[in-house]
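> I'd like to go over a predicted model; first the sequence, then the structure.
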Amino acid sequence: AKVALAPDAAFPIWCRDTCTGFRPSIETGADYICIATELIPRGFFLLFMVVLNIIMVTTFLDGMNESGSVVATALSTASNFSVSALCGIFFFEEKVDLLWCCGYSLIIAGVGLLSTVSMKQFKQH
């Protein structure tokens, strides 16, 4: 969402500036091709975000059917946090400190504990 919607996102602005360098416009703001080169990556990233959210909701609902709502919610939250963190680190060069790493490992440990519990075992007893 940050790359698709933020007005100061680096990649779409780089695309527009590169186009402007190759194709200087006669009038300021009149070069619609260079404006489109900024909108194309924004549209791609917006579509990518929507597709990933659809996949996340689908897996979440499958998880709720399989193991119950508590485990599915924890797994969905942890996987969403993990993917968001990795994207932030690799694409936006966000800094991660020791406290963040400790919190992340506690989340993963909690999800590991929750994933060992089977709701079907409790329903049988």
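That came through, no problem. Numbers count the residues shown, from 1 in each chain.

> going by C-alpha atoms from here, please, whenever you check contacts or count neighbours.
Fine.

> go ahead and list the helix or strand containing the residue most central in space within the chain.
Nearest residue to the geometric centre of the chain (Cα atoms, centre = their mean): S84, 4.9 Å. According to DSSP states H and E, S84 maps onto helix 69-91.

> low-confidence bits of the chain, can you list those?
Where the chain drops to pLDDT under 70, the residues are 1-4, 23-30, 67, 117-125.

> what do you get if the cut-off is 90, keeping everything else the same?
1-46, 48-49, 52-53, 55-96, 100, 104, 107-108, 110-125 (pLDDT under 90).

> now the strands for it?
With DSSP state E, there are no strands along the chain.

> could you pull out the helices in it for me?
Assigned by DSSP state H, the chain shows helices spanning 2-5, 10-22, 32-67, 69-91, 98-115, 119-124.

> what residues does the second one touch?
Put plainly, it is helix 10-22. For helix 10-22, the external contacting residues (Cα atoms under 8 Å, 6 or more residues apart in numbering) are V3, C34, I35, A36, T37, E38, L39, P41, R42.

> report the buried residues of it.
Neighbour-count burial for helix 10-22 flags P12, I13, C15, R16, D17, C19, T20 (criterion: 16 or more other Cα atoms under 10 Å).

> between those residues, which sits nearest T59?
Lowest distance from T59 to the buried residues of helix 10-22 (Cα to Cα) belongs to P12, with 30.7 Å.
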